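Enquirer: no FASTA, just this:
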């Protein structure tokens, strides 16, 4: 058991909760010094939480041993300064529970769950899955709507039917569908303390204006202060400052168009962090880091946006 102090989860959780990349130095090996630097860099930006083992964290490509090590090291270093959220999405019910229990023992504050993938469940099956799972979970749970990866959405009626489940405390929506997000906000009015967080960073400002609680924004790995300041500008109703910061967010979004494959989003984030001296950009296999032509493009974007001299 880890002796890291756990931070009780704010309800609702509001603000910026970066989906941390997983610094690696080789196959099944964490870049430990890089992990430590990255965590301190993110926390110094004023974030309200840290989400590990999500899409940006390459969780499905990591061994269970390495996932447990990452949980332990992250919780120990964060030491209760912010809430640590741990992704437990898996195709195996048993391994999902094993990871959830390990996260609780390590001092995490909450769990994050996308729909099981490979054998895509129907909505009735998804409800049955949650009905069996919730009594066994040791921590509060955020749903994670990521249909691009799982091929299954948490449909609005499904969310409505689990809204009264005390253990489910919110949802992260990465669908990019503002109509769906608006409907989540309608459901949120029926449940005190429920959080609705957005994934796509270009939608952060707009979803905050509509009543969202914050963002799980990948760019906060390498530029956390930008997203924290955007959150603050919108919530204090400073449209001029928010517009200026939004332009910076969109400029940095060019990182995600450097490559030609779905993996390029994570490659771009990792490459940016490496060029900023935060951590190695080794990718979990079967993927490989950007080669030099792509790295030069990322370097140019960081220079244009003032992050790199």
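Expert: Cool, the structure landed. Just so it is clear, the model here is predicted, and its values are computed rather than measured. Residues are numbered from 1 along each chain as shown.
Enquirer: among the helices and strands of this protein, which one scores worst on average pLDDT?
Expert: One helix or strand of the chain scores below all others by mean pLDDT, DSSP states H and E: helix 147-150, with a mean of 88.
Enquirer: can you point out the buried residues in the helix or strand just after that helix?
Expert: The helix or strand immediately downstream of helix 147-150 is helix 156-162, counting by DSSP states H and E. Across helix 156-162, burial judged by 16 or more other CB atoms under 10 Å covers 158, 159, 162. Every C-beta, even on glycine, is put in place using the N, C-alpha and C of the backbone.
Enquirer: who's in contact with the closest residue to the first one other than its chain neighbours?
Expert: Right, the one you point to is residue 158. In this structure, residue 158 finds its nearest non-sequential neighbour in residue 123, 5.0 Å apart by CB to CB, 6 or more residues apart in numbering. Applying CB atoms under 8 Å, 6 or more residues apart in numbering to residue 123 gives the contacts 155, 157, 158.
Enquirer: of the residues you listed, which is the nearest to residue 189?
Expert: residue 157 (16.5 Å; CB to CB).
Enquirer: so residue 60 sits against residue 89, correct?
Expert: Yes. Applying CB atoms under 8 Å, one finds residue 60 in contact with residue 89, separated by 7.5 Å.
Enquirer: what do these two both touch?
Expert: Any residue near both residue 60 and residue 89 by CB under 8 Å, 6+ apart counts here, and that gives residue 117.
Enquirer: ok, those two, which is more surrounded?
Expert: In this view residue 60 and residue 89 are compared by other CB atoms under 10 Å, and residue 89 has more residues nearby, 22 against 17.
Enquirer: pLDDT value on that one, please?
Expert: According to the prediction, residue 89 has pLDDT 97.
Enquirer: was I right about it contacting residue 118?
Expert: No. Taking contacts as CB under 8 Å, residue 89 lies outside contact range of residue 118: 11.4 Å.
Enquirer: about what we covered before: for residue 279, see how far away the residue nearest to residue 158 is.
Expert: Distance, residue 123 to residue 279, using CB to CB, to the nearest Å: 39 Å.
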